[in-house]
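S.K.: Could you work out the structure for the sequence below:
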Amino acid sequence: MRVRRTILISLTIFSLLFLTLAVAENLPASAPSAAQTDTAGVDPLLQMLVSKGVLTAPEAKSLVGTPEEQRAKLLQLLQQKGILSASDYATLTTPSASAQVPSNLVASTSPIIPAGLTQAAAAPTTPPPPAPPAVIPAVAPTRVFPIDPPKTGGLLGLKVGPVTIAPYGFVKATVVHDSSDPNGDDFPFPGIFLTTAAYPNILGVFDTGPGEAPAFHVKARSTRFGLNLEWPDVSKNLTLTGKIEADFEGNFSEVDNRDVSSIRSNMPSIRLAYVRLDYHASENTDVFFVGGQDWTLYGSGALPNILETTFLGAFWGDIYTRSPQLRGGFIETLNRENNIKFEAQGGIMMPSSGQILKLGSLGLAGQIGEGEYEGAQSDRPEWEGRLALSYQLDKAPGVAPAQIALAGFRARRESIVTNLSAQTLLGEDCGESAYTTYCNDGFTASSKMYGGQVTLQVPTRWFTVVGSAYRGGDQRFYFGGQINSYATDLTGLTNVFGPFVTTDGGPMLVAGNAYLGTNAAGQVVVAPQKPVRSFGGFVQLGLPLSRWFNADPKGHNAGWQLYFDFGKDQVVDRDLNNPNFTGGSTLPLLMGKMAALTLYYKVNNWCQFGFEQSIYATRLEDHLTLYNIAGQPSNEWQDHRTEFGPIFTF
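M.R.: A predicted model of the protein is given here:
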């Protein structure tokens, strides 16, 4: 995000200098100083900065001298006013600041129009130091939560009535080869969906036929677009911003005027849509509120920078999601010299769960019923929280702050068995007194969802390390736990009846996973449901190759970056092999592992190419050989994936 910000700030500065020189060249040679001192009355950009209160008229007129002197004066003014931080200033005073393509372009949803003018900083008491030697910026970690809060008037864009809008996004087109892709997807999904006689309700395939089912795809649906928004307010201490973002990752739309051509017509789908209110309580304290659909606090605090972004390592160690929410928090600046900031935020999210077994026969209805309805039926929100500490570990030019964060969530899911459903299954036993309550009223079955995560982002001038580790139960909504959700525990129960049909789709009855049984005290009880536990994480190492080899920051070799990524998602073995968990309530998937090598090359400020070689593997629980790969039984399914293509930003 920091590098994207510097790109636009630099472009703004160079535009200002160009217009200033153009005006000066068109005025009489006898009055050069007048031409320079009257810039504020000619340049629309300066007029806008003056009208917004960013610069005063005398300050705008003071931008005189050679182009280098004018640029230096403008940077100093912006830093003195607190618009640029010390690290921003250091980055912008190097030629490389505007020449570096963002390393987090592929996975990031941060704006390309600079949030850079939204960074808070203290006004220096002494003149800024001379510009350091030109260097290529270090690898910047992918961040969806800003370290610095926005400031009023900080968004550069188009004025539409009272609202400032700044479009951003990228066009991405890649060619893909998978060594094993029997599902026909253009993203890696090997072995997660399987079907055998032992697991007849599980979607997908388990047999590749005579070969490994290789596949070739060309895809453009990762293309993304969005708008950053800012609304005016009479108080400079109150900043109102927002974002709307979408992509084309939705499935095909089948219509009669396209028929089989629908395969090229992916549907646009919403990613983000929220508004944010920031109240600058003091020079060091910002209090904020966010409402809408945004990244979840749990899981999304650290993301890998890989070329494959349709799944982005889902079910292979990278947990994340976006969800409707209301949240609030504060950012406290503890030390400006070392850029130390503390962030605390919490909120309520849409409660969501899901059990994959029902999707086969119901399709979208089952997806909505399990993923949405069971969470809503719990009649409580999902609670999430996050604590983060940011600091400038490496003070070299072009290095972003480091960050360590803790996050967690807690929620509940619930399914309903109606009295009609209970009577249908219990039959003649329904009249017995032990079952009377369940026959007359029906019953509910529920389980909890929870998780904890620690993330670390450590940028330095030589390398950048990003890592995430998590552990919890029922993490399917966050792409963890090998798509397992919950299980019904029949430990100590006799005279078991089930599974009962539940209403996990509103009025639609589906094959549920609720049971009744008799406990040791002779009482008929609802069999408890428990979350399937899982753990995992990822670590990624980013290397700024061009900086290593002292490439010319202005040249075409300034944008080489190399990444190594490894991730793992695993189900707790004791849950997977628990003999008292009902058959079919857990999937026999033990773990998913992935490793990727990603190379990026920047052509110019707006175009880069990416190449990625990766391995995705899904392993069944021990001793199971349900997979049939090229005619041979196997415990593990692998996909060796190659992807290459350009990304054009705007």
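
S.K.: okay, and the helix or strand of the chain with the least pLDDT?
M.R.: Scoring the helices and strands of the chain by mean pLDDT, DSSP states H and E places helix 32-37 at the bottom, with a mean of 36.

S.K.: and the gap between the nearest residue to residue 424 once chain neighbours are set aside and residue 418?
M.R.: Distances taken as CB to CB, 6 or more residues apart in numbering put residue 501 closest to residue 424, at 7.3 Å, once the chain neighbours are dropped. Quick note: C-beta positions are derived from backbone N, CA and C, even for glycine. To residue 418, residue 501 is 8 Å away according to CB to CB, to the nearest Å.

S.K.: quick one: which of those two has more around it?
M.R.: A count of neighbours by other CB atoms under 10 Å puts residue 501 above the other of residue 501 and residue 418, at 19 against 16.

S.K.: so the more buried one sits in a strand?
M.R.: Yes: counting by DSSP: H, G, I helix; E, B strand; the rest coil, residue 501 falls inside a strand.

S.K.: Might one say that it is in contact with residue 423?
M.R.: No: taking contacts as CB atoms under 8 Å, residue 501 lies outside contact range of residue 423: 11.0 Å.

S.K.: what are the ranges of the strands in the stretch 451-600 of the chain?
M.R.: Here the stretch 451-600 of the chain has its strands, by DSSP state E, counting those that start in this stretch, at 464-473, 486-488, 494-518, 524-526, 529-531, 533-543, 560-571, 589-604.

S.K.: and residue 445, which of those strands is closest to it?
M.R.: strand 494-518 (4.1 Å; CB to CB).

S.K.: what mean pLDDT does the closest one have?
M.R.: The average pLDDT for strand 494-518 rounds to 75.

S.K.: again, but for stretch 145-163
M.R.: 90.

S.K.: So what would you say the end-to-end distance of that stretch is?
M.R.: From its first residue to its last, stretch 145-163 covers 23 Å (CA to CA, to the nearest Å).

S.K.: what's the answer for stretch 246-261, then?
M.R.: 23 Å.

S.K.: Identify all contacting residues around that stretch.
M.R.: Residues outside stretch 246-261 that contact it (CB atoms under 8 Å, 6 or more residues apart in numbering): 220-226, 262-263, 265-271, 310.

S.K.: what's the answer for stretch 209-221, then?
M.R.: 171-182, 184, 186, 247-249, 266, 310, 629-631.

S.K.: Among the residues you listed, name the ones in strands.
M.R.: 171, 172, 174, 175, 176, 177, 178, 247, 629 (DSSP state E).

S.K.: From the residues you listed, pick the one nearest residue 333.
M.R.: residue 247 (34.2 Å).

S.K.: Just give the number of residues close to the closest one.
M.R.: 22.

S.K.: Can you flag the buried ones in the contacts of stretch 209-221?
M.R.: Listed as buried from those are 172, 174, 176, 178-182, 186, 247-249, 266, 310, 629; burial here means 16 or more other CB atoms under 10 Å.

S.K.: Go through those residues and name the one with the lowest pLDDT.
M.R.: Ranking the buried ones among the contacts of stretch 209-221 by pLDDT puts residue 182 at the bottom, with 83.

S.K.: what's the closest non-adjacent residue to that one?
M.R.: In this structure, residue 182 finds its nearest non-sequential neighbour in residue 213, 4.0 Å apart by CB to CB, 6+ apart.

S.K.: which one of the strands of the stretch 451-600 of the chain lies closest to residue 75?
M.R.: strand 589-604 (23.0 Å).

S.K.: what distance separates the closest one from the centre of its chain?
M.R.: With CA atoms, centre = their mean, to the nearest Å as the basis, strand 589-604 stands 16 Å off its chain's centre.

S.K.: For it, give the mean pLDDT please.
M.R.: On average, the pLDDT along strand 589-604 is 95.

S.K.: Packing partners of it?
M.R.: strand 560-571, strand 607-620 (3 or more CB pairs under 8 Å, 6 or more residues apart in numbering; DSSP states H and E).

S.K.: JSON lines please, covering those strands and showing mean pLDDT, mean neighbour count and distance to residue 406.
M.R.: Output for these, formatted as JSON lines (pLDDT from 0 to 100; neighbours: other CB atoms under 10 Å; distance: least, CB to CB, whole Å):
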{"stretch": "strand 560-571", "mean pLDDT": "97", "mean neighbour count": "22", "distance to residue 406": "20"}
{"stretch": "strand 607-620", "mean pLDDT": "96", "mean neighbour count": "20", "distance to residue 406": "29"}
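
S.K.: Would you tell me which of those gets closest to residue 154?
M.R.: strand 607-620 (26.3 Å).

S.K.: so which strand or helix has the residue nearest the centre of the chain?
M.R.: Most central in the chain under CA atoms, centre = their mean is residue 300, positioned 5.2 Å from the mean C-alpha point. For residue 300, there is no helix or strand it lies in under DSSP states H and E.

S.K.: My guess is it contacts residue 323. True?
M.R.: No: applying CB under 8 Å as the test, residue 300 and residue 323 come out as separate, 9.5 Å apart.

S.K.: Residue 592 pairs with what?
M.R.: On the basis of DSSP bridges, residue 592 is bridged to residue 569, residue 618.

S.K.: count of residues packed around it?
M.R.: With other CB under 10 Å as criterion, residue 592 counts 30.
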